[in-house]
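Output the structure for:
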Amino acid sequence: MNEQISSNESIPSNNKKIIILGSGPNRIGQGIEFDYCCVHGLMAIKECGYEAIMINCNPETVSTDFDVADKLYFEPVFWENLLEIIELEKPVGIIVQLGGQTALKLAKRLHLNGYKIIGTSFDDMDIAEDRGRFSDMLKELDIPYPKYGTAFNADEAIEVAATVGYPVLVRPSYVLGGQRMRIVINDEELEKAVVSLVKHLPGNKILIDHFLDRCQEAEVDAIFDGENFHVMGVMEHIEPAGIHSGDSHAVLPAFNLTPLIITTMEYYAEKIARALNIRGLINIQFAIKDGNVYVIEANPRASRTTPFIAKAYGIPYLNIATKVMLGDAKLTDFKFEKKLSGFAIKEPVFSFDKFPSVNKELGPEMKSTGEAIRFIKDLRDPYFRNLFKEKSMYLSK
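Have a look, this model is predicted:
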């Protein structure tokens, strides 16, 4: 009889440990931006005196995290793998804010099994991710947002659309890169979108909200430590609302928004961060139409623009945010000297040449495979003027 032989090459230490969950394999909607976040988080953990453990499985992890973490588990970021590692290592807590949506989706399992989530609690993160709960919170805070309703099937969705008015944005909760989000203009399109969504994401609550057509989109990335709120950056999109933020060119700082609009965005962002009891990072996306500011969504984690802001301003924001999550520091412990001269533009990177049969039309579902950064001295730069001209032509159609 053949005996099954098991072995374990990972020998746990007696040190206090923190685990960071990575973003998994590089793919559309999630990639090396979050590896940047995780690497800087690992360095902050070590500076705070903890053993830093990374769980991730992509080529970037091999080239970066391996040299930075005290221990790297090159494993798929699935619950079964994570559970075994936690039981072996017995960490003080787990950080889910730095690995994008993949890591965030595991927060519920961690919470239900009694494991400590470092930073923002699961219930507060769930409010931001559950489209219905989040809109209810915005209503209580008296913060404008598009009219909405929730549904679980096509008939309910059609009833909601009749109330909020077409066009509507159809979207589920806890999805990566705007997965299966659609803008529809009639009952027939809505029914198709909902049936497809229910088929691929069964049991997921569907949010049907009025789509603010032909409006400007902007976003805020910030850190909150429970007392102090710091805006890392206000970015204005070149493309209008309706195109996923990952596929949009974002300009830092904002170039065409009035001081009143920017102040309003920052004010709403702080109200939301306080209401959600954020400890660490938050990203909030806005739509601006006819001088009014509407909140589209909030992400209680690092966004793909966080590394962009950190590099543009020359400030180690991920290091700072991780220490805030750990409770090792307050925002008042740091000086924020932004070194950007001129403007920085986040450029989406597409790989359509490698996928010739893919529909190249941009919309609410992300299609870019990465991002780059371009610095310009002023708004007279030919590159920026061409981008802005293209946007103006689109809005005039």
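
Look at the closest residue to Gln97 other than its chain neighbours and give its secondary structure.
Leaving aside its sequence neighbours, Gln97 sits nearest to Arg301 (Cβ to Cβ, 6 or more residues apart in numbering; 4.3 Å). (Each C-beta comes from the backbone N, C-alpha and C, glycine too.) Look at Arg301: counting by DSSP: H, G, I helix; E, B strand; the rest coil, its state is coil.

Neighbours of Arg301, how many?
When neighbours are counted by other Cβ atoms under 10 Å, Arg301 registers 28.

how close does it sit to Met125?
8 Å (Cβ to Cβ, to the nearest Å).

Show me the common contact partners of the two, please.
96, 104 (Cβ atoms under 8 Å, 6 or more residues apart in numbering).

which parts of stretch 68-75 are buried?
By neighbour count on 16 or more other Cβ atoms under 10 Å, the buried set for stretch 68-75 is 68-73, 75.

Which ones among those lie within helices?
Of the positions in those, Val68 sit in helices, assigned by DSSP state H.

any idea how far the spatially most central residue of the chain is from Asp221?
What sits nearest the mean C-alpha location of the chain, by Cα atoms, centre = their mean, is Ser303, with 3.7 Å. Ser303 is 6 Å from Asp221, where distance means Cβ to Cβ.

what's the answer for Asp353, then?
31 Å.

quick one, which of these two is more surrounded?
Using other Cβ under 10 Å, the more surrounded residue of Asp353 and Asp221 is Asp221, with 26 against 6.

Doesn't Arg251 lie inside a strand?
Rather than Arg, residue 251 is Val. Yes - if the criterion is three-state DSSP, then Val251 is within a strand.

which residues touch it?
So Val251 contacts 235-238, 343-346, 384 (Cβ under 8 Å, 6+ apart).

next one: Glu361
Applying Cβ under 8 Å, 6+ apart, no residues qualify as near Glu361.

residue ranges with poor pLDDT in the stretch 151-300 of the chain?
Residue ranges of the stretch 151-300 of the chain with pLDDT under 70: 173-180, 201, 203.

Walking through it, point out its strands one by one.
For the stretch 151-300 of the chain, the strands defined by DSSP state E, counting those that start in this stretch cover 168-171, 182-184, 206-210, 216-224, 229-237, 250-252, 280-289, 292-299.

who does the first one pair up with?
Looking back up the chat, that one is strand 168-171. The strands beside strand 168-171 in its sheet (DSSP bridges) come out as strand 182-184 (antiparallel), strand 206-210 (antiparallel).

Equivalent analysis for the longest one, please.
Using DSSP bridges, the strands paired with strand 280-289 are strand 216-224 (antiparallel), strand 292-299 (antiparallel).

Strand 229-237 and that strand, what's the angle between them?
Taking axes from the mean of the first three to the mean of the last three Cα atoms, to 10 degrees, strand 280-289 and strand 229-237 form an angle of 40 degrees between their directions.

Number the chain from 27, please
With the count now opening at 27, the last piece we talked about shows up as strand 306-315.

For strand 306-315, C-alpha coordinates in CSV please.
The C-alpha atoms that make up strand 306-315 are tabulated as CSV, following Å, rounded to 0.1, in the frame of the first residue of the first chain:
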residue,chain,number,x,y,z
GLY,A,306,-6.7,53.8,5.8
LEU,A,307,-7.6,54.4,2.1
ILE,A,308,-10.7,55.4,0.2
ASN,A,309,-11.4,56.3,-3.4
ILE,A,310,-14.6,58.2,-4.3
GLN,A,311,-15.9,58.8,-7.8
PHE,A,312,-18.1,61.8,-8.7
ALA,A,313,-20.2,63.0,-11.6
ILE,A,314,-20.5,66.8,-12.2
LYS,A,315,-23.5,68.1,-14.2
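
Would you check that Gly119 makes contact with Ile44?
Yes - applying Cβ atoms under 8 Å, one finds Gly119 in contact with Ile44, separated by 6.0 Å.

Quick check: neighbours shared by those two?
Ile144.

When the two are compared, which one has more neighbours?
Ile44 (26 against 18).

In contact with that one, which residues?
71, 76-79, 117-121, 144, 352.

ditto for Met163
153, 298, 301-302.

where does it land in three-state SS?
Met163, by the three-state scheme (three-state DSSP), is helix.

Next up, phi/psi of Ser377, please.
Backbone geometry at Ser377, expressed as degrees, to the nearest 10, gives phi -120, psi 40.

Tell me if I'm right that it and Asn52 touch.
No - Ser377 is beyond contact range of Asn52, at 11.2 Å (criterion: Cβ under 8 Å).

which residues do the two both contact?
What both Ser377 and Asn52 touch, as defined by Cβ under 8 Å, 6+ apart, is the set Thr395.

So which of those two has more stuff around it?
Asn52 (18 against 12).

Leaving out sequence neighbours, find the closest residue to the more buried one.
In space, Asn52 is closest to Asn84, 5.1 Å off (Cβ to Cβ, 6+ apart).

Could you tell me which residues make contact with that neighbour?
With contact taken as Cβ under 8 Å, 6+ apart, Asn84 is in contact with 48-52, 61.

Now tabulate the residues you listed in JSON lines and tack on pLDDT, secondary structure and distance to Lys364.
Output for the contacts of Asn84, formatted as JSON lines (pLDDT from 0 to 100; DSSP: H, G, I helix; E, B strand; the rest coil; distance: Cβ to Cβ, whole Å):
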{"residue": "Gly48", "pLDDT": "87", "secondary structure": "coil", "distance to Lys364": "28"}
{"residue": "Ser49", "pLDDT": "82", "secondary structure": "coil", "distance to Lys364": "27"}
{"residue": "Gly50", "pLDDT": "80", "secondary structure": "coil", "distance to Lys364": "32"}
{"residue": "Pro51", "pLDDT": "77", "secondary structure": "coil", "distance to Lys364": "34"}
{"residue": "Asn52", "pLDDT": "71", "secondary structure": "coil", "distance to Lys364": "30"}
{"residue": "Asp61", "pLDDT": "85", "secondary structure": "helix", "distance to Lys364": "24"}
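
Taking these, please make a ChimeraX selection of just the buried ones.
Burial among these is assessed by 16+ other Cβ under 10 Å; the matching ChimeraX selection reads:
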select :48,49,50,51,52,61
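
Now flag whichever of the contacts of Val277 is closest to Phe178.
His263 (31.8 Å; Cβ to Cβ).
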